[in-house]
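In: Provided below for reference: sequence and predicted model.
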Amino acid sequence: MTAGTHKGFWPDRATLLAILAALVCAAPVFAVAWIALTGQSDDYLLHLARTRLPVYLAYSVYVGLVAAGGAALIGTGLGWLIARADFPGRKLFSWVLILPLAVPAYVAAYAWLDLSQAGGPLQAWTGGLFPTVRGGWGAGLMFALVLYPYIFLLARDAFTGQSADAYNAARTLGAGPVTAFWRTSLPMARPALAAGVALVMMESLADYGTVSYLGAPTLSIGLIRAWSGAGSLVDAARLSLILVAIALVVFSLERMQRRRARTTAASGKHKPAPRLVLTGWQSGLAVLACLTPLMLGLVIPLARLAWLALNELAAPGLIAAAFHSLTLASISALCAALLGMATAYALRGGGFMATASARAAGLGYAVPGAVAAVGVIAILSGTQGLIDPAWEALTGSVFPILLTGGAAALIFAYLSRFAAAAIGPSEAALGRVTPALDGAARTLGASARETLWRVHWPLIAAGVCSAGLLVFVEVLKELPATMILRPFNYDTLAIIAHNYAADERLGEAALPSLLIPMVALIPMIFVARYLSRTRTPSGTG
Amino acid sequence: MKSAYLLAAAGAVASLLAACSPSGDNGAQTGASDEPRVVNLYSARHYRSDAAVYAAFTEATGIEINLVEASGDQLIERIRADGARSPADVIITVDAARLHRAEEAGLFAQTDFSEFTSGVADYLVDPNGYWVGFAGRSRVIAYSNQRVQPGEITTYEDLADPRWEGRVCVRESGNAYNQSLLASIIARSGEEAAEAWAAGIVANMARPPQGGDITQIIGVAAGDCDVAITNHYYYALMTQSGDVANRAAAEAVTLLFPNQETSGAHMNVSGAGIAVNAPHPEEARELIAFLFSDEAQRMFAEMTNEIPVMPDVEWENPTLDAMMPFVADERNLSELGDNNATAQRIFDRVGWQ
């Protein structure tokens, strides 16, 4: 714990944590791979390759592209508006726009299909013109509407952190605002955007509920069917390796293009870019632009459910479930933010282990939750098998059973699945802290820890908090791992919502569904306040 | 301010530790008689009204229920991974194929259920004695009152007839109830005929599969299609819905129990068995016995519109009354499990999404 004067202090310790993060994230995937490779073979995969596999792959590409494209469009546009323009309600929108992330995609899908199906209200009001939200584009649209906050958060922070110099230079040289944005601001924000797009894409591909409900058979449908229909968990595990491969490609592409886009214009004490003050119809348009995704992703689907809920009684146990959700999500978010920050630091320090760790951590994101949970189970029961004999020999008593022992297994599963989501934002935030800044701080006599706390933290706090928020919200709505790993008598909001929705009681699913974004509001307000307090003094200090 | 964060962090760590420590009596069998009696239930049913059934059980017996709910396949994996240490006492799933899979995974103890299942039809009881069905559900046809004449369709086989081209609504084939329906056709008519039937349905689909069973009924009411395949209780749910549009859609269709003159309507069950390593086998027996009690059977009929399996159960549910009686397919449900994997392959081959 000595305040080292050499540069090795942070990378070392951070790399250790990064390796830990990678182990936590990738372990279930490796367990799944082990199941896939050691399991018995029959001809099911051959059968699948002859029949449905091409369709699954085509739909995966289709859904992934629609989701990523839609989310990138919404997230980047809104991120820029909030960061660089001024209009009525901007401050409120800057965090309310994150809320659709708290709506599980399958809940949005249930509500939108209900609204837009033949005989639904939208078809009635438009004389049958409104298209039924279904198929590949429908599912992709649902993902875009509830996952765009990934990109929005990163884009907002990236645009906020950008120095205005390049943009102003472009304007001085005669470029219009759009061209200047396209040629200067956007390329500088590209690493952050790419991280968000990669997350949106992987999350869409790992989803099961939405695509099965809307009739968009992606690969994850294929693997759940291999498991539940053909009864082969082994073949499901094998199919999930395809998803892992896709994730590796997506995250590698993201990293490659991040390396190309080394920005130098950003600095610690940048000139805060003056916001473009919008007036009149321009500000009206800006407000409309913010309201549209909020309406489509949050208000309309939940309002539809609430409408259906009017005649239903409140489900019992909602308060306990909300408390469970909040507890699980808070602990996971704190751990994930820590692991994400450490990985970001490790990457900054460089080195093979750091890079390998960051890549491995991304794997957890690739596998559908249900399959990842099987990996967690395999690990826990394997560990149990190792501990049991030793423990009994040492103490003569029985070691408590791991799986049903408590919420620890759940936290492990959440981290393995979502810690990767915390790495991208932290890394993007840390990317804005140039090495020159460290040099300056150290030259002025600051210890490594002081440098971290007084120089880095104010600059990266927003990014790290965003990372924690993402994980928080993800855990709130996580379903398959929660279902299979939870202790006795332990409901969460997502589980109650799902149980009703799966039973096609949409009305009764409404209240727990509504509560999920409301619980998500708690940390959002907390973080928003914290950030608005830290930023001002340190920005001028 | 900094200390506030430290406090928050400390709180989080404390709650993490609390969450990590094993809670309550999960595993070991309790010898002392003054210990509260418990039974650990792993259930794939996800009906909130089950809470009332469990509360009634605790009321009647004083035995507390520890509950985990997850999908059947997930429960099977979890219990299998826990192995001999699994705290599971009773395993409930909602599809015969899932019961069969749990049986094949060696999760059930062979049990003589006859003591409390006298009068339950043979086809609902596993011939090997591993599990027993306690509440029934039938997969049936809903047809448009406007565009389909009564008697125009009477069997599942009719649905594949070219006469119904572009007129059938049905959900995706990953759904367990579709798989079991096809498995029953395989058992009855053989794989070849079953594949021809599935291909016929695909050719007759009015639209690609989307949504759940209620979506299909609404599709008929709205004119997207003329006939739909659905589980009987979804129709019941719609007639009892607080939503006017749902009730109107239900009124626009007629529910038909198919194959009344031939094989009988396809049946599926919620079924239960005792876990092979159950730490509380006596309590497990009591819970399963309770599921067949008048009280529980009545609750299934009234709260989830399921079909009671015990004879002479009385209930108050006009919707269910209107459906009864009907001829059920009495081929043993264990055959559905045998044919489930084949059914999945047929769906893949014929391109039933």
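Out: Cool, the structure landed. Everything numeric in this text was worked out from a predicted model, so none of it was measured.
In: Report all helices and strands that the strand or helix carrying residue B:229 contacts.
Out: Take DSSP states H and E as the rule and residue B:229 turns out to sit in strand B:227-231. Using 3 or more C-beta pairs under 8 Å, 6 or more residues apart in numbering or on different chains; DSSP states H and E, the elements in contact with strand B:227-231 are strand B:132-144, strand B:168-169, helix B:176-189, helix B:213-222. Using the backbone N, CA and C atoms, a C-beta is placed for each residue, glycine as well.
In: Mean pLDDT, distance to chain A and mean neighbour count for these - can I get that in CSV?
Out: Below are the helices and strands packed on strand B:227-231 laid out as CSV (pLDDT from 0 to 100; distance: least, C-beta to the nearest C-beta, whole Å; neighbours: other C-beta atoms under 10 Å in any protein chain shown):
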stretch, mean pLDDT, distance to chain A, mean neighbour count
strand B:132-144, 97, 12, 24
strand B:168-169, 98, 9, 26
helix B:176-189, 96, 6, 24
helix B:213-222, 95, 3, 26
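In: Figure out which of the ones you listed is closest to residue A:478.
Out: helix B:176-189 (22.7 Å; C-beta to C-beta).
In: Tell me which residues are up against the next helix-or-strand element following that closest one.
Out: Using DSSP H and E, the helix or strand that follows helix B:176-189 towards the C-terminus is helix B:191-204. With C-beta atoms under 8 Å, 6 or more residues apart in numbering or on different chains as the test, helix B:191-204 has contacts from B:156-157, B:159-162, B:164-168, B:170, B:182, B:185-186, B:189, B:342-343, B:346-347, B:349-352.
In: Return the subset of these lying in helices.
Out: B:182, B:185-186, B:189, B:342-343, B:346-347, B:349-350 (DSSP state H).
In: Residue B:272 against residue B:130, yeah?
Out: No - using C-beta atoms under 8 Å, residue B:272 and residue B:130 do not qualify as a contacting pair, with a distance of 10.3 Å.
In: which sections of the stretch 1-150 of chain B are below the confidence cut-off?
Out: Filtered on pLDDT under 70, the stretch 1-150 of chain B yields the residue ranges B:1-34.
In: now the strands for it?
Out: B:38-43, B:64-69, B:90-93, B:132-144 (DSSP state E, counting those that start in this stretch).
In: how about CSV for those strands, with distance to residue A:169 added?
Out: Formatted as CSV, these follow (distance: least, C-beta to C-beta, whole Å):
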stretch, distance to residue A:169
strand B:38-43, 65
strand B:64-69, 60
strand B:90-93, 66
strand B:132-144, 67
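In: out of those, nearest to residue A:435?
Out: Proximity to residue A:435 (C-beta to C-beta) singles out strand B:64-69 among the strands of the stretch 1-150 of chain B, at 51.1 Å.
In: which bits of the stretch 251-353 of chain B sit near chain A?
Out: When proximity is defined as C-beta under 8 Å from any C-beta of the partner chain, the stretch 251-353 of chain B approaches chain A at B:340-341, B:343-345, B:347-349, B:351, B:353.
In: Of those, which is the nearest to residue A:198?
Out: Taking C-beta to C-beta as the measure, residue A:198 lies nearest residue B:353 of these, at 28.2 Å.
In: Can you read off the pLDDT for that closest one?
Out: With respect to pLDDT, residue B:353 scores 89.
In: Could I get the contacting residues of it?
Out: A:215, A:217, B:172-173, B:208-209.
In: What separation do you get for it and residue B:284?
Out: 40 Å (C-beta to C-beta, to the nearest Å).
In: Over to residue A:491?
Out: Residue A:491 is 23 Å from residue B:284, by C-beta to C-beta.
In: Quick check on the residue most central in space within chain B: phi, psi?
Out: Computing the C-alpha centroid of chain B and ranking residues by C-alpha atoms, centre = their mean puts residue B:94 first, at 2.8 Å. In terms of degrees, to the nearest 10, the main-chain angles of residue B:94 are phi -110, psi 20.
In: just checking, it touches residue B:44?
Out: Yes - with contact taken as C-beta under 8 Å, residue B:94 and residue B:44 are classed as touching, separated by 5.3 Å.
In: joint contacts of these two?
Out: With C-beta under 8 Å, 6+ apart as the test, residue B:94 and residue B:44 both reach residue B:72.
In: Now the buried members of the residues of the stretch 251-353 of chain B next to chain A.
Out: B:340-341, B:343-345, B:347-348, B:353 (16 or more other C-beta atoms under 10 Å in any protein chain shown).
In: need the contact list for residue B:68.
Out: Residue B:68 makes contacts with A:404, A:486-488, B:40-43, B:75, B:78, as judged by C-beta under 8 Å, 6+ apart.
In: how close does residue A:26 get to residue A:383?
Out: With C-beta to C-beta as the criterion, residue A:26 and residue A:383 are 16 Å apart.
In: These two: which has the busier surroundings?
Out: Per other C-beta atoms under 10 Å in any protein chain shown, whichever of residue A:26 and residue A:383 has more neighbours is residue A:26, with 23 against 12.
In: now that one, nearest residue through space, not along the chain?
Out: Among residues not flanking residue A:26 along the chain, residue A:360 sits closest, at 4.1 Å (C-beta to C-beta, 6 or more residues apart in numbering or on different chains).
In: quick one, what contacts residue 41?
Out: Using chain A. residue A:234.
In: oops, I was thinking of chain B
Out: Counting by C-beta under 8 Å, 6+ apart, residue B:41 has contacts B:54, B:65-68, B:89-90, B:92, B:287.
In: What sits closest to the residue of the stretch 251-353 of chain B found nearest chain A if chain neighbours are left out?
Out: Per C-beta to the nearest C-beta, residue B:344 is where the stretch 251-353 of chain B lies closest to chain A, at 3.3 Å. Once flanking residues are discounted, residue B:344 sits nearest to residue A:229: 3.3 Å by C-beta to C-beta, 6+ apart.
In: The one you found against residue B:172, yeah?
Out: No - the criterion here is C-beta under 8 Å, and residue A:229 misses it with residue B:172 at 10.9 Å.
In: Give the residue from these two that has the larger number of neighbours.
Out: Comparing residue A:229 with residue B:172 by neighbour count (other C-beta under 10 Å), the higher total belongs to residue A:229, at 26 against 23.
In: still on that earlier bit, using JSON lines, please lay out the contacts of residue B:353 together with pLDDT and distance to residue B:107.
Out: Converted to JSON lines, the contacts of residue B:353 look like this (pLDDT from 0 to 100; distance: C-beta to C-beta, whole Å):
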{"residue": "A:215", "pLDDT": "91", "distance to residue B:107": "33"}
{"residue": "A:217", "pLDDT": "93", "distance to residue B:107": "30"}
{"residue": "B:172", "pLDDT": "93", "distance to residue B:107": "28"}
{"residue": "B:173", "pLDDT": "92", "distance to residue B:107": "26"}
{"residue": "B:208", "pLDDT": "94", "distance to residue B:107": "36"}
{"residue": "B:209", "pLDDT": "94", "distance to residue B:107": "32"}
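In: Which single one of those is nearest to residue A:108?
Out: Distance ranking of the contacts of residue B:353 against residue A:108, using C-beta to C-beta, places residue A:215 first at 15.4 Å.
In: Chain neighbours aside, what residue packs nearest to that closest one?
Out: The nearest residue in space to residue A:215 (C-beta to C-beta, 6+ apart) is residue B:210, at 4.1 Å.
In: Are we agreed that that neighbour is in a helix?
Out: No - read with DSSP: H, G, I helix; E, B strand; the rest coil, residue B:210 is coil and lies in no helix.
In: list the contacts for it?
Out: So residue B:210 contacts A:113, A:117, A:132, A:134-135, A:213-215, B:171-172 (C-beta under 8 Å, 6+ apart).
In: With that, I have no additional questions.
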